[in-house]
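# The following block contains a protein sequence and its predicted model.
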Amino acid sequence: MHRTWWKESIVYQIYPRSFYDSNGDGIGDLRGIIQKLDYLKDLGIDVVWLCPVYKSPNDDNGYDVSDYRDIMDEFGTLADWQDLLDGLHERGIKLIMDLVVNHTSDEHPWFVEARKSKGNPYRDYYIWRPGRDGKEPNNWASHFSGSAWQYDETTGEYYMHLFTKKQPDLNWENPKVRAEVYDLMRWWLDKGIDGFRMDVINMISKVPGFPDVPVRSSDRYQMDNRYFINGPRLLEFLDEMKREVLSKHDILTVGETPSVTPQIAIDFTNEETGALSMVFQFQHMDIDADPSAENSRFSIKPWSLLDLKRTMTGWQKDLENAGWNSIYLMNHDQPRAVSRFGDDREYRTESAKMLATFTLMLQGTPYIYQGEEIGMTNVAFETIEDYRDVETLNWYREQMNHGADAGDLLKVIHVKSRDNARTPLQWDDSPNAGFTGGTPWIKVNPNYTSINVRNALADPDSVFYFYKKLLQLRKQNPVAVYGTYDLILEGHEKIYAFTRTLEGDRWLVILNFTRDETVFTLPENISYARANLLVANFQVDSAEDIRSFSLRPYEARVYHLIGS
Ligand code: GLC
Ligand code: CA
């Protein structure tokens, strides 16, 4: 396997609005990030992925771009951005930018022009269709509730928007659109950035003719990915992007690709034939969702460790020597990892460390989302008024219109809303968690008085220092990056254990994913002369025989197996 820096890197995701506010307006900003660079350096990460900071009316917090070559006012200026890039590079940290080009804002000049008349030169930058019997051109639902089409009075036609109606989809069939995208990518690369995270990049090619999707529910609009995900021209577009732009730079590219299968991920990430370094797959984000629900994003199903193992092992083995994985347990669109896969109360610290071990010990490039490194948890606001996320609010409104009970909806929101990840980073126990001197754009999680960066830095046993240790371990040992993954104890319902092997090096990772004590027994066929403990989240007696022993709640251990 080819060795490269982006396989060996650990990426830290920043959601700027919620990271740190430098000027007291309640909104995180670029100067705020600059003030915290030494914190990131101390943690030991290699790359920052910065969520969108471009000019935007913020219908979807920056994922609706109105100018790709400028910074939104709340976040600062291009000069601030340059200082951020320089500050990162001085510390040996790379920067990847979010590339949001499935759609623009409806306030982007291209769309402002496009909607003026059917003959406008920018008309074909977007996807327009006449109505059908006085209704939308087809029955597609938008990801954020309602139809995927919006009627536009001026010309009497509808435009497509897979997300909000302020996020019209670009028409990638138009070569001019593609040329514009390559141009703006070059513009940022020329400034010295180190790569891109590509927002919903596998939605850029739609099935021609936009047929109705099969009706599965009583809803007027139906969500069915097959008509706009992994579409017929997707690979062709990405190949072109590779030829025109990506192949000319040594960069990290990660595609956000919902509903991707391992086979398609290999098409994207194969070293010779693929266009991207890696993709974000979503299978493990679906193990607690009910696929038959009208909106599975807001459904709840207990997840099972066997499902998680099956999913992750599938990705580990299928991409082995064929592509490259990204590893994540959360991001700005997902609930907090410790609340979802661990225990955010009694065993918060232990389970956050266990999940850290899991993330850092799999094969693939690990991503840490801001606050994950101190074990931040989900939030449970008591009223919908405290929520800000457009997806959450639209869903709530739609369900209320259908006569749902507000309390029931809030229960689901507490578990699944994207705002769980978006409450401000908890820096200390001063008002508003030290995030802002003003009123935060979204309330802080009330548990900031105990869970915060200052406490983490003062406690040698904190989740933060555990991450730091794992990061160093991974960086110093190629087996942690390149080693082959092999699952053991496949049918165990509480323990997730696997080995990593590279040439003569063999590591054993043992994780108790439950709050129960449970016995670990090493399979007979694994032999060794000596087992050296590399890292653990409990005190471990180094003389203990690891052939069989009892694991404490959420216990995690990594051993180096030496000999035979
Ligand atoms: C991606 C982003 C999400 C955004 C959506 C539309 O899924 O991660 O935050 O709402 O795309 O751009
Ligand atoms: Ca600010």
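It's in. Ligands and ions are numbered 1, 2, ... in the order given.

# What ranges does the stretch 201-350 of the chain have for its helices?
For the stretch 201-350 of the chain, the helices defined by DSSP state H, counting those that start in this stretch cover 234-244, 262-269, 305-319, 337-341, 348-361.

# Can you tell me which of these is nearest to Ser218?
Across these, Ser218 has its closest neighbour in helix 305-319 (28.7 Å, Cβ to Cβ). All C-beta atoms are positioned from the backbone trio N, CA, C, and that covers glycine.

# ok, back up a step: now the helices of the stretch 201-350 of the chain as a markdown table including distance to Met330, mean pLDDT and mean neighbour count?
Conversion of these to a markdown table gives the following (distance: least, Cβ to Cβ, whole Å; pLDDT from 0 to 100; neighbours: other Cβ atoms under 10 Å):
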| stretch | distance to Met330 | mean pLDDT | mean neighbour count |
| --- | --- | --- | --- |
| helix 234-244 | 26 | 98 | 18 |
| helix 262-269 | 20 | 98 | 20 |
| helix 305-319 | 14 | 98 | 18 |
| helix 337-341 | 4 | 98 | 25 |
| helix 348-361 | 9 | 98 | 25 |
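
# Which of these sits closest to ligand 2?
helix 337-341 (26.8 Å; Cβ to the ion).

# how distant is that closest one from the center of its chain?
Chain-centre distance of helix 337-341: 14 Å, with Cα atoms, centre = their mean, to the nearest Å.

# which other residues reach that helix?
When contacts are defined by Cβ atoms under 8 Å, 6 or more residues apart in numbering, helix 337-341 is touched by residues 288, 303, 308, 329-330, 334, 344, 348, 351-352, 355, 369, 372, 375-378, 415, 420, 513.

# Sort out for me which of the residues you listed are in strands.
The strands, defined by DSSP state E, take in Tyr369 from the contacts of helix 337-341.

# Is it possible to get JSON lines of the helices of the stretch 201-350 of the chain that adds distance to Val479?
Conversion of the helices of the stretch 201-350 of the chain to JSON lines gives the following (distance: least, Cβ to Cβ, whole Å):
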{"stretch": "helix 234-244", "distance to Val479": "31"}
{"stretch": "helix 262-269", "distance to Val479": "21"}
{"stretch": "helix 305-319", "distance to Val479": "14"}
{"stretch": "helix 337-341", "distance to Val479": "24"}
{"stretch": "helix 348-361", "distance to Val479": "10"}
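
# Is it possible to get a markdown table of those helices that adds distance to ligand 1?
A markdown table is the format used below for the helices of the stretch 201-350 of the chain (distance: least, Cβ to the nearest ligand atom, whole Å):
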| stretch | distance to ligand 1 |
| --- | --- |
| helix 234-244 | 16 |
| helix 262-269 | 17 |
| helix 305-319 | 19 |
| helix 337-341 | 16 |
| helix 348-361 | 19 |
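
# Return the residues of the stretch 201-350 of the chain in contact with ligand 1.
Counting by Cβ under 6 Å from any ligand atom, the stretch 201-350 of the chain comes close to ligand 1 at Glu256, His332, Asp333.

# Let me know the pLDDT of the second one.
The reference is to His332. His332 carries a pLDDT value of 98.

# is it true that it touches Tyr369?
Yes. Assessed by Cβ atoms under 8 Å, His332 is found in contact with Tyr369 at 7.0 Å.

# Common neighbours of those two, please.
Gln13, Tyr15, Ala421.

# Relative to Ser564, which of those residues is nearest.
Gln13 (41.5 Å).

# Next, count neighbours for the closest one.
By other Cβ atoms under 10 Å, the residues close to Gln13 number 24.

# Using neighbour counts, pick out the buried residues of the helix or strand hosting Val558.
Element membership for Val558 (DSSP states H and E) is strand 556-562. Neighbour-count burial for strand 556-562 flags Ala556, Arg557, Val558, Tyr559, His560, Leu561 (criterion: 16 or more other Cβ atoms under 10 Å).

# what sits against the spatially closest residue to Trp128 that is not a sequence neighbour?
For Trp128, ignoring the flanking residues on the chain, the nearest one in space by Cβ to Cβ, 6 or more residues apart in numbering is Glu157 at 4.8 Å. Residues near Glu157 by Cβ under 8 Å, 6+ apart: Lys118, Trp128, Arg129, Pro130, Gly131, Tyr151.

# Close to ligand 1: what parts of the protein are there?
Residues of the chain lying near ligand 1 (Cβ under 6 Å from any ligand atom): Asp60, Tyr63, Val100, Phe163, Asp199, Val200, Glu256, His332, Asp333.

# Spit out the contact partners of the fifth one.
Contacts were defined as Cβ under 8 Å, 6+ apart; by that measure Asp199 touches Pro52, Tyr63, Asp98, Leu99, Val100, Val101, Asn102, Glu256.

# now the last one: how far from Phe282?
Distance of Glu256 to Phe282, computed by Cβ to Cβ, to the nearest Å: 9 Å.

# Quick one: the strands in the stretch 151-300 of the chain, in order.
157-160, 195-198, 252-256, 278-280 (DSSP state E, counting those that start in this stretch).
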